[in-house]
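**Q** Would you be able to build a 3D model of this:
(one chain, ligands or ions: 2)
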Amino acid sequence: MNLKTISILGATGSIGCSTIAIIREINKKPNSDVKYELKAITANNNVDDLIKIAIEFKPEFVAIADEEKYSELKSALSPHGIKCGAGKGALLEAASIQSDMVMAAIVGFAGLMPTIKAVERGATILLANKECLVSAGDYFMQKAAQNAATILPVDSEHNAIFQVLNKKNVEKLILTASGGPFYNSTPEVIQNATPEQACKHPNWSMGQKISVDSATMMNKGLELIEACHLFKMPATKIDILIHPQSIVHSMVCYEDGSVLAQMGTPDMRIPISYCMAYPERINISTPRLSLADAPDLQFLKPDTQKFPALRIARDAAEQGGLASTLLNAANEVAVESFLNRKIKFFEIAAIVEDVLNSKFNFSSIDRADDYELIIDCDDAARRKALEFVAMRQMETGVVR
Ligand code: NAD
Ligand code: MG
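**A** Numbers count the residues shown, from 1 in each chain. Ligands and ions are numbered 1, 2, ... in the order given. Sure thing, here's the model as predicted:
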């Protein structure tokens, strides 16, 4: 029997919980030829769920980002002899604990440093956190190469491409997109969409941030940039296709006209388990795809008028350098402001564009492989985005 060790950064989130569900299922199987041992887990502030997972799996180390939750965590875990810590340093410590693989499932730029820590010790990274690659793709991929860390894409589209990619003779990649909850909505409905409506994805159940990104379709823009880094392809060779049924997860087009696609039910346990078992596969209880019973599969061109985030992200991808660092930071601030009802739905993309059109005083905008520069850029874009949020609030007097 093969014992694999795994740590989960962002264990209490949607991806973290799906990963834990797979571990639980596989470890219970009497005849499974692989078992997983959880070595370290982290969360932001959901101390209750973190404690439950820790007591169930007895990892070596548990970290919570929110320092105010430390005493609660410590008093719950001490009787079980489980070590724990709080704050950013504790997240890095969790990532440093020796394990074969690390599920990188913290949402946003906050996940970059802990994931880099795991990259630096040459761990296999199961990469869900796409913001790492959007804000610091050159730096991240360089670090992975320097440390011989394997990066396995968890994001369903990239996982699909990874499954059907033979690196030679590729003509282009096609990322499929469900279109999110508003694909068929009128501009008026989109204009006034609430956080509750935006977070109700038709096919996938996910964390709030990625749900809003899916609704604006910025998610597909972030995924375009993610694909450029993962597969070393220019943005001009990556197309986006709306596929509302989310059954074909993405495709690779070859120079002889062949198109290879990966299909499955929309369940993140499929790409997660593929990464956990790679290069093997494991038997898990995901709903099986029955094409005869499936709805008709549709493929449509994206509407960049209705969803300007797609155009804005593609521009940033083609511009290269720190443009996507700005895009990511501005988007994180705008999404949070929308979730806190400070701005309207359509203002998310508008604020991101305003930030990208602003002047900044960086030593260089062309390089995205210098950590200090990335941090400065992320920080400046966040401050600028907050200014635009405040301006828009003053203009509209919004309190919703
Ligand atoms: P989520 O909001 O459900 O969970 C996020 C996790 O990160 C939680 O454990 C939370 O405690 C932790 N976290 C949040 N902020 C943090 C901070 N500042 N410091 C430390 N930890 C923090 O998010 P999710 O849907 O699981 O998504 C996680 C990542 O995976 C995102 O980057 C997302 O884009 C990507 N992803 C998710 C899905 C999906 O189906 N949910 C699919 C593809 C990619
Ligand atoms: Mg995806």
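**Q** OK, contacts around the residue in the stretch 201-350 of the chain positioned nearest to ligand 2?
**A** Proximity to ligand 2, evaluated over the stretch 201-350 of the chain using CB to the ion, is greatest for Glu223 at 5.5 Å. In this view, the C-beta of every residue, glycine as well, is placed from N, C-alpha and C. By CB atoms under 8 Å, 6 or more residues apart in numbering, Glu223 lies in contact with 130, 155, 157-158, 175.
**Q** Those in strands, which ones?
**A** Leu175 (DSSP state E).
**Q** The helix or strand hosting Ala215 close to ligand 1?
**A** For Ala215, the enclosing helix or strand under DSSP states H and E is helix 208-216. Yes. Counting by CB under 6 Å from any ligand atom, ligand 1 has neighbours in helix 208-216: 208-210.
**Q** Next, see if that helix gets close to ligand 2.
**A** No. Using CB under 5 Å from the ion, helix 208-216 never reaches ligand 2; the gap is at least 7.8 Å.
**Q** same for that helix, what does it pack against?
**A** helix 195-198, helix 218-231, helix 323-339, helix 347-356 (3 or more CB pairs under 8 Å, 6 or more residues apart in numbering; DSSP states H and E).
**Q** how about these, which one is nearest Val119?
**A** helix 218-231 (13.3 Å; CB to CB).
**Q** relative to helix 347-356, how tilted is that closest one?
**A** 50 degrees (axes from the mean of the first three to the mean of the last three CA atoms, to 10 degrees).
**Q** what distance separates helix 218-231 from the centre of its chain?
**A** 10 Å (CA atoms, centre = their mean, to the nearest Å).
**Q** before we move on, what about stretch 287-305?
**A** 22 Å.
**Q** Over to the closest residue to Ala54 other than its chain neighbours. Which of the three states is it?
**A** The shortest distance from Ala54 to any non-neighbouring residue, by CB to CB, 6 or more residues apart in numbering, is to Val62 (4.8 Å). State at Val62, reduced to three classes by DSSP: H, G, I helix; E, B strand; the rest coil: strand.
**Q** isn't Val62 right up against His80?
**A** No. The criterion here is CB atoms under 8 Å, and Val62 misses it with His80 at 10.1 Å.
**Q** Quickly list what's touching both of these two.
**A** The contact sets of Val62 and His80 overlap at Ala54 (CB under 8 Å, 6+ apart).
**Q** Check for me that Lys4 belongs to a helix.
**A** No. Lys4: not assigned to a helix; according to three-state DSSP it is strand.
**Q** And it, how close does it get to Asn46?
**A** Lys4 is 26 Å from Asn46, where distance means CB to CB, to the nearest Å.
**Q** Same question for Gly87.
**A** In terms of CB to CB, Gly87 sits 16 Å off from Asn46.
**Q** thinking again about what came up before, what's the closest of the helices and strands packed on helix 208-216 to Ala261?
**A** With CB to CB as the measure, helix 218-231 is the member of the helices and strands packed on helix 208-216 nearest Ala261 (15.0 Å).
**Q** List every C-alpha atom in that closest one, with coordinates, as CSV.
**A** Taking C-alpha atoms only, helix 218-231 is exported to CSV below (Å, rounded to 0.1, in the frame of the first residue of the first chain):
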residue,chain,number,x,y,z
MET,A,218,-13.6,37.8,-14.9
ASN,A,219,-13.0,34.2,-13.8
LYS,A,220,-12.5,33.2,-17.4
GLY,A,221,-10.2,36.1,-17.9
LEU,A,222,-8.1,35.0,-14.8
GLU,A,223,-8.1,31.5,-16.3
LEU,A,224,-6.8,32.8,-19.6
ILE,A,225,-3.8,34.2,-17.8
GLU,A,226,-3.5,31.1,-15.7
ALA,A,227,-3.4,29.0,-18.9
CYS,A,228,-0.7,31.2,-20.4
HIS,A,229,1.6,30.5,-17.5
LEU,A,230,0.8,26.8,-17.0
PHE,A,231,1.0,25.8,-20.6
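**Q** so what's the residue in the stretch 51-200 of the chain that ligand 2 sits nearest to scoring on pLDDT?
**A** Across the stretch 51-200 of the chain, no residue is closer to ligand 2 than Asp155, which sits at 4.2 Å (CB to the ion). Note on Asp155: pLDDT of 98.
**Q** Tell me, how many residues neighbour it?
**A** 27 (other CB atoms under 10 Å).
**Q** swap in the one 3 residues further on?
**A** The number of residues packed near His158 is 28, by other CB under 10 Å.
**Q** Repeat that for Val107.
**A** Per other CB under 10 Å, the neighbour tally for Val107 reads 22.
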